[in-house]
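> sequence and predicted structure, then a few things I'm wondering about:
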Protein chains: 4
Amino acid sequence: MNKDTVFLIAGGDSRQLYAAKKLAKKYTVYIIGADKSDIDTGNAIKIDYLYEIPLQADCLILPLPVSGDGIFLNTPLSNKKIPLNSLNSIVADNGVITGGRFSGQLQEIFSESGAYITDYSMHEEFSILNAVPTAEAAVLIAMKNTDSVLYKSKILITGFGRISKALVKILKGFGAEITVAARKKEALCWAEIYGCNTIETSSLCRSADKYKYIFNTVPALILTKDFLSKVRPDVFIADLASKPGGVDFEYASSHNINTVHALSLPGKYFPETAGEIVAQTAENILMERSHHE
Amino acid sequence: MNKDTVFLIAGGDSRQLYAAKKLAKKYTVYIIGADKSDIDTGNAIKIDYLYEIPLQADCLILPLPVSGDGIFLNTPLSNKKIPLNSLNSIVADNGVITGGRFSGQLQEIFSESGAYITDYSMHEEFSILNAVPTAEAAVLIAMKNTDSVLYKSKILITGFGRISKALVKILKGFGAEITVAARKKEALCWAEIYGCNTIETSSLCRSADKYKYIFNTVPALILTKDFLSKVRPDVFIADLASKPGGVDFEYASSHNINTVHALSLPGKYFPETAGEIVAQTAENILMERSHHE
Amino acid sequence: MNKDTVFLIAGGDSRQLYAAKKLAKKYTVYIIGADKSDIDTGNAIKIDYLYEIPLQADCLILPLPVSGDGIFLNTPLSNKKIPLNSLNSIVADNGVITGGRFSGQLQEIFSESGAYITDYSMHEEFSILNAVPTAEAAVLIAMKNTDSVLYKSKILITGFGRISKALVKILKGFGAEITVAARKKEALCWAEIYGCNTIETSSLCRSADKYKYIFNTVPALILTKDFLSKVRPDVFIADLASKPGGVDFEYASSHNINTVHALSLPGKYFPETAGEIVAQTAENILMERSHHE
Amino acid sequence: MNKDTVFLIAGGDSRQLYAAKKLAKKYTVYIIGADKSDIDTGNAIKIDYLYEIPLQADCLILPLPVSGDGIFLNTPLSNKKIPLNSLNSIVADNGVITGGRFSGQLQEIFSESGAYITDYSMHEEFSILNAVPTAEAAVLIAMKNTDSVLYKSKILITGFGRISKALVKILKGFGAEITVAARKKEALCWAEIYGCNTIETSSLCRSADKYKYIFNTVPALILTKDFLSKVRPDVFIADLASKPGGVDFEYASSHNINTVHALSLPGKYFPETAGEIVAQTAENILMERSHHE
């Protein structure tokens, strides 16, 4: 693959432009539907109309989310209205169409293109790579929302999946004293090896009053009323789990507990990195497709 | 030392209140000149008039800076006007008066009190303890001012003193690729042992275009026009050295180089920690005095 | 569970005695078949005959391996001959019999005891806990077999499972420059997050001449003739994969390549830790059984 | 400096040969007085007689120690007897003669050569660089002398100089729980920043029974009878301080406390690294001399 390989980046926010910039270092890249941005996109070519692309695209990268209404492309950086189905003809028959949070219903619209259609946000690699910007953003949020340093602070992290592992690595560098809560013995063993204290999730309430910072990564109601009734008055809680999260937010807000439901962090805090991860995932999807053939 | 030991915390910003809160866990603490703040100060007793203190104070903690005009106490959290010399009588003859950036001229005003007078900000311990909040704040500033993560980023740190060492420890946790510039061979050896690349300060210009982040800690013009003319367009520079700093700011601003002169970071970003460091330093000054007698 | 819970530790080497010592801090523990050892076993009670135990045992811990001949217990620290089937009556009906590398055929012998029979070495927890002593021993072996330090040395680790992860953590502390070879993209992503360079296993030969140390953890012939023909003359290779390992040993020895097939490391180098892991695994097996009932 | 620069490596053990090998990558290097060794010395030229060198040497590297009797060179790897004063004529007038533990009396013998004479072991750089192999060897010794892992073990390090800092970095990677004992508040602050617990040296006895491993780096009797009377029965003590060390060895041996006085570690355990450090220090001495002129 090289300059003969053509990418079309359509719509979306600054992440799409950073994805374009990264891909344009190796491939031919066109951008449509982001005309209001002034981010430098390097060698990528901004176009106004699809007919400006002389060749069919090998890969069409749609934004995250792909569409707000199911008919037009999500284009926060453009006043243009681009119907989703107008993009079909631009992709080569053996090409790839990929987007983020790309529902089956939306994928249907592109089915007549003949291309391979996939949601990049469902790829394991995408999730691992996003663990790092998510963790960095969570640390940034924690620092901004409190009056004291992370050094030697007592931190609880619930769950020991991708984001927790990335968080532990960063927070150990700050010299924080971390406790990981998990259900499985194996997860607790690993958390210990990585230098954390551990606690079984079922015993969490007992130590609720120890922590200055709490990062929840478990998408289940773990930080219950009972737990929240025992936390330190100066606690800061960042819930990183997707909606509805793991915190009893009603209780937290009615008791003035400093709590943030922090979602979609990579795109919000580090759009350049988030875009590069989209680029890398799309590139790998395309490479794996071409190896198959 | 115990509850019989009396501290008076006078004036200043939230740091003074956090200092009071910490000391009040062990000692008897009075606060004057901070009546507009609503920070919880625990067991510390807020007073309006000096005569409310039943005993003389063993230690008077003045703010940083002590005074704006050389006559009245610096009291940003109060409308009261407290003449500096009115504080003399409240301190015991063998007591301690300490403040931050406490010039000889100001110290003169307190000389008739008979107390031991010292600038806590000149104590080595105070400087080491502040290296950590300074470094954490520098990292926070860098994260807020860029679109990409610290992970795997290329970072230059100039100098290898207290702040640099604290920065290296944190940034290694982020997985950054750090280069330390220093003049002395010994400093470069240690930077290598702590996992950094190294470069002699005199050769700095050669590699100017490598770094995404630059943290300067050297109070001398190191990041010259020549250096700045070669940096990456997306560089972010945080100058942590006291005024006038180490960056040619005129050149940087006229060339749209993303630069921040970041000063007095602990107090601005982590006032609770900054206050606790004042408390700890003052406590140690007092303890060392009583051991002497 | 407490002092009413009875363990019987039968046969084996010093690991069994260290397991006994650890369990005896909380439970009633008897030891049989290790009379020649002088390791201090704390509160554990050494017996010569099974009838000295006043109660049936809740848990019988057999050694690793359980038996050499399938008839008598493996007792390197005793001249006694203890028939495996003589141990049946000593275990309570709802008790647990566990041993290491405990084949189905051997388990058969104990089937009439009514106890729950399980091979502790097959428990995930046992494997994770042993990753640490295995990795420490591998580091010890590497240090003993070369004339130079690990600091700044170039190290290849093949595979990114339990032992590799434990190795990476330790070797990063030494300031080594580690490359991880793996097949799966996910494993390579994680190795990068933990600060390693990465290479796909299929491309390994290309960089064979870079490494001073090579630790293999993959139980497949990865370090082939082709690879070995390109290594540095001063390379040291430790093969940690179970027999037949991942190195072409014939080629290696005929070409004087410094290679060690390092097996059963925890028991050989850190028998105390190895024994404590047996104790912890057995204790957890017993606890989970009693929760079930 | 380049191939025109001539080094003569005379006498000594394998460190000298590894120094020769390293220098021979850049310079012209001759070796004399090490004919019994079979270590590969790369491009370095082994000679039997001084007259085989066609030019005068710019730098003569003598071994550590330089001589046993003050008359002949220390040549453990040769049966030759080389009088120290026979080496004078081979060094250029503006050259450098350097050796390890090079007493004033010995230096006198070389004074008529006209060369600059210096003891490389007194250079700060040499000491810092040797901290790493010393620390690695200390860790190796600790692992070899005990039955349990360093992971999660409780370790005391006395002093917080070069070797202690290098030790802390390595042992943190093992996941050990380190306490640093020092006298100065500044040293204790830094030890905390680097993730250690701290204790004032004067209070050491109180916690004597906590540690499994003790590394002493202080050249003063710190581990007294009183302290040793309270240690754990399974403690391992490595005294890294130069003679007479910091341990009451008489008491320790009469009470069967597992203690090693571990001296000259780099040369014993990592002669290649030790030799490379000699090479680097000598090279820097020579470079600084030529800059002066």
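Nice, thanks for sending it over. Worth saying up front: this structure is predicted, and the values here are computed from it rather than measured. Numbers count the residues shown, from 1 in each chain, chains lettered A, B, ... in the order given.
> residue ranges with poor pLDDT in chain A?
Scanning chain A for pLDDT under 70 picks out A:1, A:292-293.
> repeat that with 80
Scanning chain A for pLDDT under 80 picks out A:1, A:291-293.
> what does it have sitting close to chain B?
A:14, A:18, A:40, A:132-133, A:136, A:139-140, A:143-144, A:146-151, A:169-175, A:233, A:269-273, A:276 (Cβ under 8 Å from any Cβ of the partner chain). Heads up, the C-betas are built off the backbone N, CA and C, glycines and all.
> count of neighbours near A:Glu276?
Residues within reach of A:Glu276, counting by other Cβ atoms under 10 Å in any protein chain shown, total 21.
> export the strand or helix carrying it as PDB, just CAs?
Counting by DSSP states H and E, the element that carries A:Glu276 is helix A:271-292. Only the C-alpha atoms of helix A:271-292 are listed here, as PDB (Å, rounded to 0.1, in the frame of the first residue of the first chain):
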ATOM      1  CA  PRO A 271      -8.600  14.900  19.500                       C
ATOM      2  CA  GLU A 272      -5.200  14.600  17.700                       C
ATOM      3  CA  THR A 273      -4.500  11.300  19.400                       C
ATOM      4  CA  ALA A 274      -8.100  10.100  19.000                       C
ATOM      5  CA  GLY A 275      -7.800  10.900  15.300                       C
ATOM      6  CA  GLU A 276      -4.600   9.000  15.000                       C
ATOM      7  CA  ILE A 277      -6.100   6.000  16.600                       C
ATOM      8  CA  VAL A 278      -9.000   6.100  14.100                       C
ATOM      9  CA  ALA A 279      -6.300   6.300  11.300                       C
ATOM     10  CA  GLN A 280      -4.300   3.400  12.700                       C
ATOM     11  CA  THR A 281      -7.400   1.200  13.100                       C
ATOM     12  CA  ALA A 282      -8.700   1.900   9.700                       C
ATOM     13  CA  GLU A 283      -5.300   1.300   8.100                       C
ATOM     14  CA  ASN A 284      -5.100  -2.100   9.800                       C
ATOM     15  CA  ILE A 285      -8.600  -3.000   8.800                       C
ATOM     16  CA  LEU A 286      -7.600  -2.200   5.200                       C
ATOM     17  CA  MET A 287      -4.300  -4.100   5.400                       C
ATOM     18  CA  GLU A 288      -6.000  -7.200   6.800                       C
ATOM     19  CA  ARG A 289      -8.600  -7.000   4.000                       C
ATOM     20  CA  SER A 290      -5.900  -6.900   1.300                       C
ATOM     21  CA  HIS A 291      -4.000  -9.800   2.900                       C
ATOM     22  CA  HIS A 292      -7.200 -11.900   2.700                       C
END
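> now check it, is it near chain C?
Yes. If you take Cβ under 8 Å from any Cβ as the test, helix A:271-292 does meet chain C, through A:Asn284.
> which other helices and strands does that helix contact?
Using 3 or more Cβ pairs under 8 Å, 6 or more residues apart in numbering or on different chains; DSSP states H and E as the contact test, the elements touching helix A:271-292 are helix A:14-23, strand A:57-61, strand A:91-99, helix A:124-144, helix A:265-269.
> A:Glu250: what secondary structure?
Following DSSP: H, G, I helix; E, B strand; the rest coil, the label given to A:Glu250 is helix.
> could you find the closest non-adjacent residue to whatever residue of the stretch 151-293 of chain A ends up closest to chain B?
The minimum distance from the stretch 151-293 of chain A to chain B, using Cβ to the nearest Cβ, falls at A:Gly173 (1.5 Å). Leaving aside its chain neighbours, A:Gly173 sits nearest to B:Gly173 (1.5 Å; criterion: Cβ to Cβ, 6 or more residues apart in numbering or on different chains).
> check A:Leu62 too.
Nearest residue to A:Leu62, sequence neighbours excluded (Cβ to Cβ, 6+ apart): A:Gly99, at 3.1 Å.
> what about that neighbour, neighbour count?
The local packing of A:Gly99 (other Cβ under 10 Å) involves 30 other residues.
> contact partners for it?
A:Gly99 makes contact with A:Ile61, A:Leu62, A:Pro63, A:Leu64, A:Pro65, A:Val66, A:Leu106, A:Asp119, A:Tyr120, according to Cβ atoms under 8 Å, 6 or more residues apart in numbering or on different chains.
> what comes into contact with the helix holding A:Glu276?
By Cβ under 8 Å, 6+ apart, the residues outside helix A:271-292 that reach it are A:1, A:5, A:7, A:13-23, A:58-59, A:61, A:64, A:94, A:96, A:98, A:100, A:116, A:118, A:120, A:123, A:125-126, A:129-130, A:132-133, A:266-267, B:146-149, B:151, C:185.
> got the angle for that helix vs helix A:14-23?
Counting by axes from the mean of the first three to the mean of the last three Cα atoms, to 10 degrees, helix A:271-292 lies at 60 degrees to helix A:14-23.
> checking A:Thr259 next. Helix, strand or coil?
Using three-state DSSP, the secondary structure recorded for A:Thr259 is strand.
> and it, what does it touch?
Contacts of A:Thr259 (Cβ under 8 Å, 6+ apart): A:Phe236, A:Ile237, A:Ala238, A:Asp239, A:Val247, A:Phe249, A:Ala252, A:Ser253.
> please indicate which of these are buried?
Buried members of the contacts of A:Thr259, scored by 16 or more other Cβ atoms under 10 Å in any protein chain shown, are A:Phe236, A:Ile237, A:Ala238, A:Asp239, A:Val247, A:Phe249, A:Ala252.
> run the chain-centre distance for the helix or strand harbouring A:Lys169.
According to DSSP H and E, A:Lys169 maps onto helix A:162-173. Mean-position distance between helix A:162-173 and its chain equals 16 Å (Cα atoms, centre = their mean, to the nearest Å).
> quick check: next helix or strand after it?
Counting by DSSP H and E, the next helix or strand C-terminal to helix A:162-173 is strand A:177-182.
> tell me what angle that next one forms with helix A:162-173.
Between the axes of strand A:177-182 and helix A:162-173, defined by the same axes, to 10 degrees, the angle is 160 degrees.
> the next helix or strand after strand A:177-182 and chain C in contact?
Where DSSP H and E defines the elements, the next helix or strand beyond strand A:177-182 is helix A:185-193. Yes. Helix A:185-193 reaches chain C (Cβ under 8 Å from any Cβ) through A:Lys185, A:Glu186, A:Cys189, A:Trp190, A:Ile193.
> one step back: filter the buried ones among the contacts of A:Thr259 down to just the ones in strands.
Using DSSP state E, the subset of those located in strands is A:Phe236, A:Ile237, A:Ala238, A:Asp239.
> looking at it, the first one is touching A:Tyr211, isn't it?
No. Distance between A:Phe236 and A:Tyr211: 9.2 Å, which falls outside the contact criterion (Cβ atoms under 8 Å).
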